[in-house]
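Novice: Have a look at this prediction, sequence included:
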Amino acid sequence: MTRHIVARTTEIPPGGNKVVDIAGRDIVVFHVNGEFFALLNRCPHEGAPLEKAACVARLTSPEPGIYQRSRVGEMLRCPWHGWEFDMRNGQSWFDPKRVKIRSYPVAVERGDELQKGPYVAETFPVHVEDSYVIVEV
């Protein structure tokens with residue numbers, strides 16, 4: 001899998017998203033609860049752009065009349081038909097055995113680490129004594 005630098009962390013505000021084109025595919029990157037998630041920007045049902053999806057909470061009910069919210073903002077609700085997907089793995093909650101959005105791994109790294117190339121030239125200690133430059137080999 002090839003790594004792609006898609007944005008600075010400050011370019012995607014908390015609760016926001018950014019769509020990027022990677023190898024001809026629209027990938028939407030979400031910033032939720034301090035984490036970043038990347039998904040194919042297309043609902044598998046009828047192709048709605050998931051960048052327009054509502055970020056909602058997971059709602060469970062241990063018994064009638066009792067509701068519990070968890071993972072606030074980590075569930076996507078499709079803007080066209082309301083299908084819901086888990087942002088962490090793309091899993092559908094409408095038909096979890098058949099429908100899933102493709103998700104991608106996301107990493108946040110320091111910019112100075114990303115600028116480094118894969119090769120390192122050999123270096124040697126240098127110092128000056130009187131008016132002579134000394135290289136230690």
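Specialist: Happy to help now that I have it.
Novice: Tell me which residues touch Ser103, please.
Specialist: For Ser103, the contacting residues are 37-40, 87-90, by CB atoms under 8 Å, 6 or more residues apart in numbering. Yep, even glycine has a C-beta here, placed from its N, CA and C like the rest.
Novice: How about Pro125?
Specialist: By CB under 8 Å, 6+ apart, the contact set of Pro125 is 135-136.
Novice: Next one: it from Glu136, what distance?
Specialist: 4 Å (CB to CB, to the nearest Å).
Novice: Select the longest strand from this structure.
Specialist: Looking across the chain with DSSP state E, the single longest strand is strand 66-77.
Novice: ok, and for it, which residues are buried?
Specialist: Going by neighbour count (16 or more other CB atoms under 10 Å), the buried part of strand 66-77 is 73-76.
Novice: which residue is nearest the centroid of the protein?
Specialist: The geometric centre of the chain, computed from its C-alpha atoms, lies nearest to Phe37 (CA atoms, centre = their mean), at 3.0 Å.
Novice: Tell me the spacing between it and Glu129.
Specialist: Distance from Phe37 to Glu129, by CB to CB: 57 Å.
Novice: just Gly16 next, same as before
Specialist: 57 Å.
Novice: of those two, who's got more company?
Specialist: When Gly16 and Glu129 are compared for neighbours, Gly16 comes out ahead with 13 against 7, by other CB atoms under 10 Å.
Novice: For that one, which non-adjacent residue is closest in space?
Specialist: Distances taken as CB to CB, 6 or more residues apart in numbering place His31 nearest to Gly16, at 5.7 Å, with adjacent residues excluded.
Novice: same deal with Ala7?
Specialist: In space, Ala7 is closest to Lys18, 5.6 Å off (CB to CB, 6+ apart).
Novice: same question, Val28
Specialist: Once flanking residues are discounted, Val28 sits nearest to Asn41: 4.1 Å by CB to CB, 6+ apart.
Novice: and if you look at Trp80?
Specialist: Closest residue to Trp80 apart from its sequence neighbours, by CB to CB, 6+ apart: Ala48 at 4.0 Å.
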